[in-house]
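J.: Below is the sequence, then the predicted model.
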Amino acid sequence: MSEKVNEILDAASQVFSDYGYKKTSMQDIGDRLGMTKSNLYIYFKNKEDLYKKSVSYQLLKWEKEVEKSVQSQKYASDKFETVCRKSFEYIGNNEILKRLAEKDRGIFSTNHDDDRFIDVNSRAQQILKDIIAEGIKTGEFRTVDVDNISEYLFSNYMMFLIKLYSKKDKYVTDKLVDDAIDLLKHGLLKK
């Protein structure tokens, strides 16, 4: 993407997170950038196109940050824990993405057919698949169906995000995330 497109996506993300999709106009975004709204149409088909690309842009930044953190780890088990922690931490610390999720309950979806950001979310899920496959290959993880397990884990992750940001569920806490990671890494059975 060009620097100008990134500048527009950053500004549009901010405006959409401030007012929500329905209350935001192309003029609001143009004003924030010091551009006319007609100039925005050079880069984007309409408000819906700009919105979807703005949210995708924010999700991609999240994905890249998580991926960067994962790459700094040596072992698959550490990568797995890092992807779990960083995925929640990044959104919790990113006010724009957090406010976008609070205003648009459809940003996170557990259903592929309803996922408007399936392209970005599929890449994020692939990070998880790669870690599980690596852990199986190195012998850190037992052999499982990588596709099924990554689907299950990613769906649960999305459910946590929906509860946390869309429904403001007070029970989704750092402690719950810690306990979930512990359960995933160690299971329920006593050894």
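T.: Structure's in. What do you need?

J.: Quick one: low-confidence residue ranges for this structure.
T.: Confidence mapping of the chain against pLDDT under 70 gives the ranges 1, 166-172, 191.

J.: Mind jotting down where the helices sit in the protein?
T.: Shown for the chain, the helices assigned by DSSP state H span residues 3-23, 26-33, 37-43, 47-71, 76-93, 95-103, 118-138, 146-161, 174-186.

J.: Disregarding flanking residues, what is the spatial nearest neighbour of the residue nearest in space to the middle of the chain?
T.: The centroid of the chain falls nearest to Leu59 when counting by C-alpha atoms, centre = their mean (4.7 Å). Nearest non-adjacent residue to Leu59, counting by C-beta to C-beta, 6 or more residues apart in numbering: Val120, 4.4 Å away. Heads up, the C-betas are built off the backbone N, CA and C, glycines and all.

J.: burial count for the nearest residue to Lys129 once chain neighbours are set aside?
T.: The spatially closest residue to Lys129, leaving aside those adjacent along the chain, is Ser150, at 4.3 Å (C-beta to C-beta, 6+ apart). Counted by other C-beta atoms under 10 Å, the residues lying close to Ser150 total 20.

J.: OK, contacts around Ser150?
T.: Neighbouring residues of Ser150 by C-beta atoms under 8 Å, 6 or more residues apart in numbering: 125, 128-129, 132.

J.: so how far is Asp104 from Arg116?
T.: 9 Å (C-beta to C-beta, to the nearest Å).

J.: higher neighbour count, the two?
T.: Ranked by neighbour count (other C-beta under 10 Å), Arg116 and Asp104 place Asp104 first, with 19 against 15.
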